[in-house]
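Novice: Sequence and predicted structure, then a few things I'm wondering about:
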Amino acid sequence: MSTATIDTALLERAVARLPGDSLARARKEALARFATTGFPTTRHEDWRYTNLTPAIDVSNAWLRRTATGALEEGSDESVRRYAERLTAQINAWWIVITNGVVQEESLMRLREQAPGTLEARSMASAGDAEPVGYSSIAADEPMTRFNTALLRDALHLTVRAGSELEKPIGLLMIDTANSASAVSQSRVSIEMQPNSRAEFIEYHASLGENVHFANVVTELHVGSGAAVDFVRIQDRDTSHLQVGRLDAAMGRDSSLRHAAFDLGGALIRNDVAVDIAERGVSVELLGLYLAAGQQHIDNHTRADHRTGPAASSEEYRGILTDRSRCVFNGKAIVHKGADGTDAQQANHNLLLSDKAEIDTKPELEIYADDVKCSHGATVGQLDKTAMFYLRSRGLSRDEAAQVLTRAFAAGIIAKSPVHAARSHIEGLVDRRLQVLVGDAL
Amino acid sequence: MLEIKNLKARIGDTEILTGLTLTVKPGEVHAIMGPNGSGKSTLALVVAGHEDYVVTEGSVTYMGEDLLGLDPEERARIGVFLGFQYPVEIAGVNNAYLLKAALNAKRRAQGEPEVDAFEFLKLAREKMKLLDMDQALLNRGVNEGFSGGEKKRNEILQMAVLEPRLAILDETDSGLDIDALKAVAKGVNSLRDAERAIVLVTHYQRLLDYVEPDYVHVLSGGRIVRSGDKSLAHMLEEKGYDWVREAASA
């Protein structure tokens, strides 16, 4: 039977065994605060549809081993092969983070290749100096506390003022659960100095026969006039779990274009939270989730408009089949005084099976007067008329369904930033859709 | 080529075709005329395999094969083509992509090698020129934002590229201005040969001035009530459909 809470005594012992003491205090503080809440439960409005019990079970099993014996797995041959294959496919400066630990080798390569306007440091390589990269906008979130309490490493990136990076920065977060189920905490913080421009690819992958639970915390400080293009690609094993979040603090006249692609995972929860406290900000959030089998994919987004004029727009699309379940919750909060806000939200879903379920809720909370806001959600099936039209032209039922689902997905891919990742994403989506359509028909 | 015998079909609880018989031989052009609601479009959709229609009696044989036992895509691959009265807009699916996929699906089924991108473009451009079509339409979404005339020309383009043996054009002439009508007629006439049959479903005889039919049939109440040559179309134009209804019930 599942106890459904983290065993705090085991957690304390595991935390005490972690190497390096520059972070010891931060871990201890986070641990104490985490202990007061534990993991969020379905009693919390924001977690109503997503039950983290499987992640708690994996965590307890892992803590039991960690508290008493060996630390988690390191990088191995399978990781090296995966990283090699991926980095050959997408032209970017790659940093590999394996089971939460920044791979020093990839950092060294980055320093050789990337210009000096990009600074990359890992907490481990910073040695006894002031620890970097773990401070967090979302420090009060229980899952961030859990992340900090068990933090072994963190990556800190700085893009210097006025510079523009010519290639995207790839963050490959790859986890393994080869010998037993495992848990990892990944942590990245990015500082975009004023008027800098850069593209990022955050890539989630996991390998191994056993269940893995990844807890990822990424934060973006976008300076005034800076522009960030960001794609997150989640292609985990369909038996693995993830809770991840991105928090972005936007400076004056800055912009963020973000696209999230969820293809794998058994239980996935993503949060994207954008804080707009300065004028002239523009934010675009895009997302595509594809779910089959018993996959559960939950996307929560939040845009806090504290001042205006500023614009946020959001479009997420999902294709679901079998008994999969997806959640979309997009919230835009227009605070008092945020006049001149333009906030748009849309969520569209295609259900290929009558057993699949989507819970969608675009939300607007408006406390200002002069605003332009809209939201909408749709849930539908494959268009029967279009199916007949395509079949009457000689396409099989399977081909016709693939053409239509691909077109639906292409609506997001075509708008997605970071051109270098485009064809890779198209390939992943095509392959996944073949599985979804094959299951559905 | 096409042998329809005593065909009865319904959608939901409504019987639309009530015992329709029609024989079409290779090389022939037939016009099916009739008032609204007489079953013209239903006939076209049943032959193409629309699943909302249930055939309750009768048979449809094409080149000796029972057409009713085949899926819509199988019918298409053995050379049956339906030009839609309302061509479907499919956002995000490239027009050229669909055209090429359709052509290659047919070629695969017939054991022919697929055409590559270069051969395909050459063929598509040639046919578009014949139909006086804007080449830019090739790279748009299928019928996405097309005008009424562009949609109908696009149907004829698909027909011209797929070169079916039996083409059924469901009110392809409706809503066309005279230039578009002439272009569509040109496309249809270019396909006329001794091996192919064309069935024109139409409400007006206007198209028949440009595509001369060998036979004209009048459909009323779900079956053919009168057949003749092209002079029948002119008679209808003059006297209206009431004349047929009266003749049928007399």
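Specialist: That came in fine, so what should we check first?
Novice: Please identify which helix or strand holds A:Ala14.
Specialist: According to DSSP states H and E, A:Ala14 maps onto helix A:8-16.
Novice: Tell me, how many residues neighbour the residue of chain B found nearest chain A?
Specialist: Of all residues in chain B, B:Gly92 sits closest to chain A, at 3.2 Å by CB to the nearest CB. Yep, even glycine has a C-beta here, placed from its N, CA and C like the rest. Other residues within reach of B:Gly92, judged by other CB atoms under 10 Å in any protein chain shown, total 17.
Novice: Tell me which residues touch it, please.
Specialist: With contacts defined as CB atoms under 8 Å, 6 or more residues apart in numbering or on different chains, the neighbours of B:Gly92 are A:406-408, A:410-411, B:141, B:144.
Novice: hang on, it in a helix?
Specialist: No. Secondary structure of B:Gly92 (DSSP: H, G, I helix; E, B strand; the rest coil): strand, not part of a helix.
Novice: Without its sequence neighbours, what residue ends up closest to the residue in the stretch 301-441 of chain A that chain B sits nearest to?
Specialist: In the stretch 301-441 of chain A, the residue that lies nearest chain B is A:Ala407 (3.2 Å; CB to the nearest CB). Spatial nearest neighbour of A:Ala407, excluding adjacent residues (CB to CB, 6 or more residues apart in numbering or on different chains): B:Gly92 at 3.2 Å.
Novice: Show residues contacting the helix holding A:Ala14.
Specialist: For helix A:8-16, the external contacting residues (CB under 8 Å, 6+ apart) are A:27-28, A:31, A:34-35, A:38, A:60, A:63-64, A:66-68, A:149-150.
Novice: next SSE after it?
Specialist: Where DSSP H and E defines the elements, the next helix or strand beyond helix A:8-16 is helix A:24-37.
Novice: First-to-last residue distance for stretch A:390-402?
Specialist: This stretch, stretch A:390-402, spans 11 Å end to end (CA to CA, to the nearest Å).
Novice: hang on, the earlier thing: confirm that the residue of the stretch 301-441 of chain A closest to chain B lies within a strand, as I assumed.
Specialist: No. Using three-state DSSP, the assignment for A:Ala407 is helix, not a strand.
Novice: Next, count neighbours for B:Glu126.
Specialist: When neighbours are defined as other CB under 10 Å, B:Glu126 has 11 of them.
Novice: got the contact list for A:Cys326?
Specialist: For A:Cys326, the contact set (CB under 8 Å, 6+ apart) comprises A:289, A:291, A:296-299, A:318, A:320, A:349, A:356-359.
Novice: What's the per-residue pLDDT of it here?
Specialist: On the pLDDT scale, A:Cys326 is placed at 98.
Novice: Return the helix or strand harbouring it as PDB; C-alpha atoms alone will do.
Specialist: Using DSSP H and E, A:Cys326 sits within strand A:325-334. Extracted in PDB, the C-alpha atoms of strand A:325-334 (Å, rounded to 0.1, in the frame of the first residue of the first chain):
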ATOM      1  CA  ARG A 325      -5.400  11.800 -19.800                       C
ATOM      2  CA  CYS A 326      -4.200  15.300 -20.300                       C
ATOM      3  CA  VAL A 327      -4.700  18.500 -18.300                       C
ATOM      4  CA  PHE A 328      -4.400  22.000 -19.500                       C
ATOM      5  CA  ASN A 329      -4.600  24.900 -17.200                       C
ATOM      6  CA  GLY A 330      -3.600  28.300 -18.500                       C
ATOM      7  CA  LYS A 331      -4.000  31.200 -16.200                       C
ATOM      8  CA  ALA A 332      -3.500  34.900 -17.000                       C
ATOM      9  CA  ILE A 333      -3.700  37.300 -14.000                       C
ATOM     10  CA  VAL A 334      -4.000  40.900 -14.900                       C
END
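Novice: now for whichever strand or helix holds A:Arg65, which elements pack on it?
Specialist: Secondary structure from DSSP H and E places A:Arg65 in helix A:53-68. Here helix A:53-68 touches helix A:8-16, strand A:182-192, strand A:212-222, strand A:241-250, going by 3 or more CB pairs under 8 Å, 6 or more residues apart in numbering or on different chains; DSSP states H and E.
Novice: which residues of the chain fall in helices?
Specialist: In the absence of a named chain, this looks at chain A. Applying DSSP state H to chain A gives helices spanning A:8-16, A:24-37, A:53-68, A:77-89, A:104-113, A:142-149, A:384-391, A:397-413, A:422-440.
Novice: um, chain B though
Specialist: B:40-48, B:72-77, B:95-109, B:117-130, B:148-162, B:178-191, B:230-239, B:241-249.
Novice: of those, which approaches B:Gly19 most closely?
Specialist: Closest to B:Gly19 of those is helix B:40-48 (CB to CB; 12.1 Å).
Novice: Next, the angle from the closest one to helix A:384-391.
Specialist: Per axes from the mean of the first three to the mean of the last three CA atoms, to 10 degrees, the angle that helix B:40-48 makes with helix A:384-391 is 50 degrees.
Novice: What residues does chain B have near chain A?
Specialist: Within chain B, the positions near chain A by CB under 8 Å from any CB of the partner chain are B:48-51, B:71-73, B:75-77, B:81-82, B:84, B:87-88, B:90-93, B:97-98, B:101-102, B:105-106, B:109, B:141, B:158, B:162.
Novice: What's the ChimeraX syntax to select whichever of the residues you listed are buried?
Specialist: A single ChimeraX command selects the buried members of the residues of chain B next to chain A (16 or more other CB atoms under 10 Å in any protein chain shown):
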select /B:48,49,50,72,73,75,76,77,81,82,84,87,88,90,91,92,93,97,98,101,102,105,106,141,158,162
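Novice: before we move on, the earlier item: dump the helices of chain B into JSON lines; add mean pLDDT and distance to A:Arg17 as well.
Specialist: Output for those, formatted as JSON lines (pLDDT from 0 to 100; distance: least, CB to CB, whole Å):
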{"stretch": "helix B:40-48", "mean pLDDT": "96", "distance to A:Arg17": "70"}
{"stretch": "helix B:72-77", "mean pLDDT": "97", "distance to A:Arg17": "62"}
{"stretch": "helix B:95-109", "mean pLDDT": "95", "distance to A:Arg17": "57"}
{"stretch": "helix B:117-130", "mean pLDDT": "93", "distance to A:Arg17": "60"}
{"stretch": "helix B:148-162", "mean pLDDT": "94", "distance to A:Arg17": "69"}
{"stretch": "helix B:178-191", "mean pLDDT": "91", "distance to A:Arg17": "78"}
{"stretch": "helix B:230-239", "mean pLDDT": "87", "distance to A:Arg17": "92"}
{"stretch": "helix B:241-249", "mean pLDDT": "71", "distance to A:Arg17": "90"}
